[in-house]
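Asker: give me the fold of what follows.
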Amino acid sequence: MLKLIKIAVGSAAAIFLADMLGLHYGTSAGIITLLTIQDTSRETIAISVRRIGAFLLAAVLSYAVFHLIGYHVFAYGIFLFLFIACCIPMRLGEAVSINAVLATHYLLEKDMSLSFIGNEALLLLIGAGIGTLFNLYMPGKDREIRAMQHQLEEDMRAVLLRMSEYIRKEDRSEYTGTCFDKLQADLEAGKKQAYAYMNNTFFQESKYFIDYMNMRQQQTVVLRDIYKRILSIRAIPPQTEQVSGLFRDTAVTFEESNNARELLAGLEEVLMQMKNSGLPVTREEFENRAVLYAILTDLSYFLQLKKEFVDSLTKEQISRYWA
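Answerer: Below is the predicted model of the structure:
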């Protein structure tokens, strides 16, 4: 809805301004505004810049073709062929339609004087300028992505609590991987929001949410591995209670600003206790304890991913996003 309002109001404003300046074909400024407004601010600015570059190319080609061949439809066809042939390798395809329309004005007026080229340039600048200006306003993106972060952390907290519960149970018939479905869906939605946020902001720290979502994606992969290992445990080793406690502590303290250092220290302590405990007696006990050790290794990697993410942040990012 907001985009429709921007297009309608922006196009009307562009036509009004062009008419106020006494430009010929002022309605073209409104069409340019319509075609300029994109889904993100960065995309809008990038397209506007490319269209200005394409305008200069179109002006040169139009001048050459119309002066050599004359102002008739065949000359316009030749111009269009040359213009498109140049735009495609230069990746200016989205600029073809607007500049092709502007070139028809040269054809209709049979005029390529500097003043008339200036008229067309102003149409482009007004249309693209108003479209870009209107699209700089993208409200609510901070709130949306913050809400998604909170939801993701709730999803992962729920997965960790289920692990804490079921690692202590021999009957895991009700322990299915459905808990990952919502987590994965929210993760994909969060990544889309992160890229949209980055493309609608113009400061370096906006990449924070991309890095955050990538970190959560990697952690989700680790959690899936842990889930499979838990299912492979046949009997419950004595050390399971301590491992369960680690999952519970991780879930309770799970939040954006936790650097995981205390959790990693606690995990190392549990690992040392396991190494110093008595050796397994039976093959089954050995296999189950080996699985438990592998789970701890995975959990350590899970926490290390968060620690590395926190350590990679700049002071500006911490100040802006953790304030």
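Asker: averaged pLDDT, stretch 214-221. What do you get?
Answerer: Throughout stretch 214-221, pLDDT has a mean value of 94.
Asker: shaky segments in the stretch 101-250 of the chain?
Answerer: Applying pLDDT under 70 to the stretch 101-250 of the chain picks out residues 136-141, 199-206.
Asker: just the helices in it please.
Answerer: For the stretch 101-250 of the chain, the helices defined by DSSP state H, counting those that start in this stretch occupy 114-135, 141-166, 179-199, 208-232, 240-252.
Asker: in JSON lines: these, plus distance to Ser319 and mean neighbour count.
Answerer: All C-beta spots, glycine's among them, are computed from the backbone N, C-alpha and C. Listed next are these as JSON lines, based on distance: least, C-beta to C-beta, whole Å; neighbours: other C-beta atoms under 10 Å:
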{"stretch": "helix 114-135", "distance to Ser319": "28", "mean neighbour count": "20"}
{"stretch": "helix 141-166", "distance to Ser319": "15", "mean neighbour count": "18"}
{"stretch": "helix 179-199", "distance to Ser319": "17", "mean neighbour count": "17"}
{"stretch": "helix 208-232", "distance to Ser319": "11", "mean neighbour count": "18"}
{"stretch": "helix 240-252", "distance to Ser319": "26", "mean neighbour count": "18"}
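Asker: can you redo these as a markdown table with distance to Leu92?
Answerer: Below are those laid out as a markdown table (distance: least, C-beta to C-beta, whole Å):
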| stretch | distance to Leu92 |
| --- | --- |
| helix 114-135 | 14 |
| helix 141-166 | 29 |
| helix 179-199 | 20 |
| helix 208-232 | 28 |
| helix 240-252 | 51 |
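Asker: wait, which of these is closest to Ala14?
Answerer: Closest to Ala14 of the helices of the stretch 101-250 of the chain is helix 114-135 (C-beta to C-beta; 4.7 Å).
Asker: which secondary structure elements does the closest one contact?
Answerer: helix 2-20, helix 27-36, helix 41-69, helix 96-109 (3 or more C-beta pairs under 8 Å, 6 or more residues apart in numbering; DSSP states H and E).
Asker: single out the most deeply packed of those helices.
Answerer: helix 27-36 (a mean of 23; mean count of other C-beta atoms under 10 Å).
Asker: Ala13 and Leu82, how far apart?
Answerer: 34 Å (C-beta to C-beta, to the nearest Å).
Asker: cool, and Arg320?
Answerer: Distance of Arg320 to Leu82, computed by C-beta to C-beta: 48 Å.
Asker: got it, and Tyr301?
Answerer: 57 Å.
Asker: and what of Arg234?
Answerer: 74 Å.
Asker: hmm, Phe254 is touching Val159, no?
Answerer: No: using C-beta atoms under 8 Å, Phe254 is not in contact with Val159, being 9.9 Å away.
Asker: tell me which of Arg234 and Leu82 has more neighbours.
Answerer: Higher neighbour count among Arg234 and Leu82: Leu82, with 16 against 10, using other C-beta atoms under 10 Å.
Asker: for the more buried one, which residues are in contact?
Answerer: Counting by C-beta atoms under 8 Å, 6 or more residues apart in numbering, Leu82 makes contact with Leu61, Val65.
Asker: in which helix or strand does it reside?
Answerer: helix 73-87 (DSSP states H and E).
Asker: what comes up buried for that helix?
Answerer: Ala75, Tyr76, Ile78, Phe79, Leu80, Leu82, Phe83, Cys86, Cys87 (16 or more other C-beta atoms under 10 Å).
Asker: the second one and His105 touch, don't they?
Answerer: The reference is to Tyr76. No: contact criterion C-beta under 8 Å: Tyr76 and His105 do not qualify, at 11.0 Å.
Asker: which residues do these two both contact?
Answerer: With C-beta under 8 Å, 6+ apart, Tyr76 and His105 have no common neighbours.
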